[in-house]
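Chemist: Just the structure for this:
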Amino acid sequence: MKIVGLIRVLGCLALCFAFFSSLGAVPFSISGAEAGAGPDAVKAEAETGPEVVKEERKKIKGPPPLVHTEFYGLCATCHKSDGRGGRSYGGYAANLHKTELELEGLIYFMKYGRPEKGMPAFDGIIGDRVMNAVANYIIDHFKGKPLAEGREAHSRGAIDD
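Modeler: Reported below is the predicted structural model:
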């Protein structure tokens, strides 16, 4: 039982460290005075505060890597990369911009599919964590958002792909 408690504590510490690191704050930094810096450095630090080095992070365009492979590799095959849907291999893929499904509904249809509509089940192919990430991506980037100009005809099936 002591090992389980120790593992929980270490897990909590790791989560806290990861959280603060993602914010750009490092909770376990050492000031110049603590590191044994000279009196001039300690005086300057006392006046201005500890030096904070901010690392520049690259901004990723598009979906996060977890979603990129699955959405663009599996979902976009039928629903298209812009989510407009339309004619597809197994039938007529839904327009993700017009979905009324919430997170749980999207995950349900990804997991179990809709064979009568040509939607395959992805249970056992992609994990729950990935399904959750893809569903959130659909909600954040497509649901309720208008199609780009000139794409409405595609979603009605007026133009073949």
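
Chemist: For this protein, which segments count as helices?
Modeler: 2-22, 39-48, 65-70, 76-79, 103-112, 128-141, 152-155 (DSSP state H).

Chemist: taking the mean pLDDT, what do you get for the third one?
Modeler: Model confidence over helix 65-70 averages 79 on the pLDDT scale.

Chemist: Output that helix as CSV - backbone C-alpha positions only.
Modeler: Extracted in CSV, the C-alpha atoms of helix 65-70 (Å, rounded to 0.1, in the frame of the first residue of the first chain):
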residue,chain,number,x,y,z
PRO,A,65,-0.5,16.1,-34.0
LEU,A,66,-2.7,13.6,-32.1
VAL,A,67,-5.7,14.7,-34.2
HIS,A,68,-3.9,15.3,-37.5
THR,A,69,-3.2,11.7,-38.4
GLU,A,70,-6.6,10.4,-37.4
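
Chemist: Summarise which helices and strands that helix is packed against.
Modeler: On a contact count with 3 or more CB pairs under 8 Å, 6 or more residues apart in numbering; DSSP states H and E, helix 65-70 meets helix 128-141. For every residue, glycine as well, the C-beta is placed using N, CA and C.

Chemist: Show me what the helix it packs on is packed against.
Modeler: helix 65-70, helix 103-112.

Chemist: Quick check: buried residues in it?
Modeler: When burial is assessed from 16 or more other CB atoms under 10 Å, helix 128-141 yields the following buried residues: 130-139, 141.

Chemist: relative to helix 103-112, how tilted is that helix?
Modeler: Orientation of helix 128-141 against helix 103-112 (axes from the mean of the first three to the mean of the last three CA atoms, to 10 degrees) gives an angle of 130 degrees.

Chemist: Begin at 323, not 1, for the rest of this chat.
Modeler: Shifting the count to begin at 323 puts that one at helix 450-463.
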